[in-house]
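>>> Got a predicted structure plus its sequence, pasted below:
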Amino acid sequence: MDDEFSKERIVFDHHAIMRMLPHRYPFLLVDRIVHLDLEKNYIVGQKNITMNEQFFNGHFPFAPIMPGVLVTEALAQTGGILIHEKGYHDKIAVLMSVNNAKFRKTILPGDVLFMHVQGLHFASRGGRVKAQARVQDRVVAEVEIGFGFVERSQLSQEMTK
């Protein structure tokens, strides 16, 4: 049940998340982490979807729907936090592949999106996670995501060029 995660449990707030991920507004898509089990390689993130999300200006002004690509990105960012907590502090996980993506229901303003991510494989050069997005305990999207690692210092150098 997602409700059991959301009541009072906050493993990481947005300040802690910003220390782990390089993403920033409007592209930081995880508000908090509400569950983390490093032994089981399992993490649950939360994103509160509001009408003020920048992407609703164009997708679509007459019927706002969260784009599936951003749902996938939110799942990948949640996986990135799991990877960080697995000890890969000097590396940033970058998305390399998306497989078996299914989008089952639209995500609308007012929804609370829970990102459930299960680590499947972690290695020195990258890995793979299986992820589900849920709203009110209903699966709204699922995907398998492959990622590679980039040195955090290398990403910082690219950003200052």
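That came through fine. Numbering: from 1, shown residues only.

>>> only C-alpha atoms for contact and neighbour calcs from this point on.
Noted.

>>> in the protein, which spans are helices?
All helices of the chain, identified by DSSP state H, fall at 2-6, 14-20, 68-85, 152-160.

>>> Name the stretch among those that sits most buried.
Highest mean neighbour count of those: helix 68-85, a mean of 22 (counted as mean count of other C-alpha atoms under 10 Å).

>>> packing partners for it?
helix 14-20, strand 42-48, strand 91-103, strand 112-122, strand 126-135, strand 138-151 (3 or more C-alpha pairs under 8 Å, 6 or more residues apart in numbering; DSSP states H and E).

>>> For the second one, which strands pair with it and how are they oriented?
It refers to strand 42-48. Sheet neighbours of strand 42-48, with direction, are listed as strand 32-37 (antiparallel), strand 112-122 (antiparallel) (DSSP bridges).

>>> what's the answer for the longest one, then?
The sheet places strand 138-151 alongside strand 91-103 (antiparallel), strand 126-135 (antiparallel), with pairing taken from DSSP bridges.

>>> Now do the last one, average pLDDT.
Pointing back at strand 126-135 there. Mean per-residue pLDDT for strand 126-135: 97.

>>> what about it, distance to the chain center?
Mean-position distance between strand 126-135 and its chain equals 8 Å (C-alpha atoms, centre = their mean, to the nearest Å).
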